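# Using only what follows, build the 3D model:
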Amino acid sequence: MSTSLVVLLLVAAALAAWAIRTFNRLVRLRNQVRTAWADIDVQLVRRHDLVPQLVAAVRGYAQHEQATLSLVTELRTQALRTQDPTALGEVETALGQAVGRLLALREAYPDLHASDSFLRLQQDLVDVERQLQYARRFYNGAVRDLNDAVQRFPDLLVARIAGIHAAGFFQAGDGTRDAVAVGPLA
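All right, here's what the predicted structure looks like:
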């Protein structure tokens with residue numbers, strides 16, 4: 001075998017090894033984004049399950065707050081239908097703000113403030129919001145890592161060939177809020 005053929009085979013083997021390693025790293029990053037999204041989805045399901053219970057608890061004490069109750073219910077339904085992380089972030093921000101207004105009603109209704117079920121729901125919502133904040137940070141970090149890899153040369157060549165694309169961030173509105181402001185429990 002000639003020296004040039006050996007060199008050519010070594011270069012081809014090195015390129016193939018690089019492409020395989022790059023592809024496997026991109027797949028790992030893509031799967032990390034999917035796993036992180038599943039974590040967010042779990043917390044959103046928990047939040048969405050709490051919302052009707054919270055609406056029912058408030059409805060019993062604040063009958064004339066129908067507009068707020070309807071808004072919360074409508075935003076929950078819209079959130080359940082939205083799949084795109086960026087659009088869902090906007091809907092979830094609006095839902096969080098509406099739930100915050102719903103929770104603020106406890107100040108106007110002393111009976112609601114004293115309700116054990118309302119206080120339990122409020123604490124559960126605080127826990128969900130905290131877990132959602134952590135899940136969103138992890139997801140956005142995974143998206144950042146994937147997007148960096150997909151956009152970096154020469155890795156972008158492998159990403160394009162393999163059909164691996166950048167992912168969208170999950171943001172709470174304008175990025176200034178991380179959770180629903182629910183205030184103290186007592």
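
# What average pLDDT does the longest helix along the chain get?
What stands out as the longest helix in the chain, according to DSSP state H, is helix 3-59. For helix 3-59, mean pLDDT rounds to 92.

# tell me how far it is from the chain's mean position?
14 Å (CA atoms, centre = their mean, to the nearest Å).

# Going along the chain from it, find the next helix or strand for me.
As assigned by DSSP states H and E, the chain's next helix or strand after helix 3-59 is helix 66-81.

# Run the chain-centre distance for that next one.
Worked out by CA atoms, centre = their mean, helix 66-81 lies 19 Å from the chain centre.

# Tell me which helix or strand residue 98 sits in.
Residue 98 belongs to helix 85-104, assigned by DSSP H and E.

# how far is the helix or strand following that helix from where the chain is centred?
Remark: after helix 85-104, the chain's next helix or strand is helix 110-113, criterion DSSP H and E. How far helix 110-113 lies from its chain's middle: 32 Å, per CA atoms, centre = their mean.

# CA atoms of helix 110-113 as PDB?
The C-alpha trace of helix 110-113 is given here as PDB (Å, rounded to 0.1, in the frame of the first residue of the first chain):
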ATOM      1  CA  PRO A 110     -61.800  36.400  55.600                       C
ATOM      2  CA  ASP A 111     -63.700  33.100  55.400                       C
ATOM      3  CA  LEU A 112     -61.600  32.100  52.400                       C
ATOM      4  CA  HIS A 113     -58.400  33.100  54.300                       C
END
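
# any idea of the mean pLDDT for it?
Helix 110-113 comes out at a mean pLDDT of 72.

# what sits up against it?
Contacting residues not belonging to helix 110-113 are listed as 57-58, 61-62, 105-107, 118 [CB atoms under 8 Å, 6 or more residues apart in numbering]. From N, CA and C alone the C-beta is placed, and that goes for glycine too.

# So which bits of the helix or strand just after it are buried?
Per DSSP H and E, helix 110-113 leads on to helix 116-151 as the next helix or strand towards the C-terminus. Under the neighbour-count criterion of 16 or more other CB atoms under 10 Å, helix 116-151 has 118-119, 121-122, 124-126, 128-129, 131-132, 135-136, 138-140, 142-143, 145-147, 149-150 buried.
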